[in-house]
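Visitor: I would like the atomic coordinates for the input below:
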Amino acid sequence: MAQKVRVGVLGCGEIAYWVHLPTLGRMSEVELVSAADPDPRAREQAASILKKPVLDRGEDLFARADIDAVVICAPTAFHYPLALAACAAHKHLYLEKPIAADLNSAREIVRAAADTGLVAMIGFHRRQHPAIVQARKILASGALGNISVAQTVLSEPMGSGAAEWRKHRASGGGVLLDLASHHFDLLRFLLHDEFAEAEARTASEQTECDAARVRMTTTRGIEVQSFFSCRSGLADTIQLFGERGTLKIDRFSPSVELRVPRRFGYGLRSAHLLRSRDAMRWRISKLMRPSYDPAYRRALEAFVARIQGQPREVPRLDDGLRSLEAVLAAEQSAQSGHAVTITAR
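Guide: Sure, this is the predicted structure:
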């Protein structure tokens, strides 16, 4: 058996408490060594999971020789200094999305991680969702033919208990940076394409930039229409329209929906799709844990496997950079009122 990967977690807020810490603690390939957070309440919650004291300074965690890798899930504004510190300490890096709040910081993170030669992964865990995995196989089979249009909706109500940093763009919040970055990455991943142009409108009703409508065009000419919100009801769908059918992906459903022309007569029919083993496992898990999402664990497992030398496909920091470029172009368009050309910089 491969040696266990010794992991430290930086940032013990909501996502770490509910997802990263308990998930890492249950992984047989991982030794969860320590965690750090400057907030006393967050440290107390994390200590209840680790059953050991939690550090108040990230520097002390980076200095530990008994830690091989770090998972950074601090607020976005801290991604840049923490990621650079991880690289300087020569630790494998799992960095939650978005990669950073601005382009220069993101590029520096990519360069610093490349210089280490270690595993560096951006936390686009939804690539590992069973429905996304199934959809990618369907697309690779050519069942839809050429894609002409994509429509996406992603809405996560913020609620009154949301962290203060999520309410302001300067601290890393805003619906484009916080939510749209997921769909921008998934569309690149599914379509094997890059974005060429963005046009957006945003609104700020309850918090800064808490809703956005975005129109994108890819380099192959695919039209993308998206709606993102921090105040509408919970939803997360991607629908792809091809010359031979349509494919709908819903994060809250274990299986995708493929609709193709009827064999006889006019209209559409649902194509019969065999559920994958992962989708079946998830469906069974949801009977006991309705809110369970296997993508988080699968992403962390892929990170650990890469550290152990296994050839696993993971989202790279470059993918985080590409997603951020699309986010910044959409933000620029919303401010200027004009479409913005996206170029890899």
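
Visitor: Pull the residues that contact the helix or strand containing residue 184.
Guide: Using DSSP states H and E, residue 184 falls within helix 181-191. For helix 181-191, contacts defined as Cβ atoms under 8 Å, 6 or more residues apart in numbering pick out 97-98, 124, 126-127, 132, 135-136, 139, 147, 150, 152, 154, 193-195, 216, 218, 220, 222, 224, 226, 228, 238, 240, 315, 319-320, 322-324, 326-327. All C-beta atoms are positioned from the backbone trio N, CA, C, and that covers glycine.

Visitor: If any of these are buried, give me the PyMOL selection for them.
Guide: In PyMOL syntax, the buried subset of those is picked out as below (16 or more other Cβ atoms under 10 Å):
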select buried, resi 97+98+124+126+127+132+135+136+139+147+150+152+154+193+194+195+216+218+222+224+226+228+238+240+315+319+320+322+323+324+326+327
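
Visitor: Off-centre distance for the longest helix anywhere in the chain?
Guide: Counting residues, the longest helix found in the chain (DSSP state H) is helix 317-336. Helix 317-336 sits 15 Å away from the centroid of its parent chain (Cα atoms, centre = their mean, to the nearest Å).

Visitor: now the helix or strand that that helix is followed by, how far from the centre of its chain.
Guide: Next helix or strand after helix 317-336 toward the C-terminus (DSSP H and E): strand 340-341. Relative to its chain's centre, strand 340-341 lies at 24 Å (Cα atoms, centre = their mean).

Visitor: tell me the mean pLDDT for strand 340-341?
Guide: Mean per-residue pLDDT for strand 340-341: 96.

Visitor: which neighbours does it have in its sheet, and in what orientation?
Guide: Using DSSP bridges, strand 340-341 pairs in its sheet with strand 195-203 (antiparallel).

Visitor: circling back to that earlier point, can you pull the buried residues of the helix holding residue 184?
Guide: Buried, per 16+ other Cβ under 10 Å, within helix 181-191: 181-191.

Visitor: can you put the residues you listed in CSV and add distance to residue 74 and pLDDT?
Guide: What follows is these, written out as CSV (distance: Cβ to Cβ, whole Å; pLDDT from 0 to 100):
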residue, distance to residue 74, pLDDT
181, 16, 96
182, 18, 97
183, 23, 98
184, 22, 98
185, 20, 98
186, 23, 98
187, 27, 98
188, 25, 97
189, 25, 98
190, 29, 97
191, 31, 97
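
Visitor: Report the two of those residues separated the most.
Guide: Maximum pairwise distance among the buried residues of helix 181-191 (Cβ to Cβ): 16.2 Å, between 181 and 191.

Visitor: count of residues packed around residue 15?
Guide: 16 (other Cβ atoms under 10 Å).

Visitor: For it, give me its contacts.
Guide: With contact set as Cβ under 8 Å, 6+ apart, residue 15 has these partners: 73, 96.

Visitor: Distance from the chain centre to the helix or strand harbouring it, please.
Guide: According to DSSP H and E, residue 15 maps onto helix 14-15. Chain-centre distance of helix 14-15: 14 Å, with Cα atoms, centre = their mean.

Visitor: Skipping adjacent residues, who's closest to the spatially most central residue of the chain in space?
Guide: For the chain, residue 124 is the residue whose C-alpha lies nearest the centre (Cα atoms, centre = their mean; 2.8 Å). Leaving aside its sequence neighbours, residue 124 sits nearest to residue 315 (Cβ to Cβ, 6 or more residues apart in numbering; 4.2 Å).

Visitor: And the pLDDT at the nearest residue to residue 243 once chain neighbours are set aside?
Guide: Spatial nearest neighbour of residue 243, chain neighbours left out: residue 145 (3.8 Å); criterion: Cβ to Cβ, 6+ apart. Looking at residue 145, its pLDDT reads 94.
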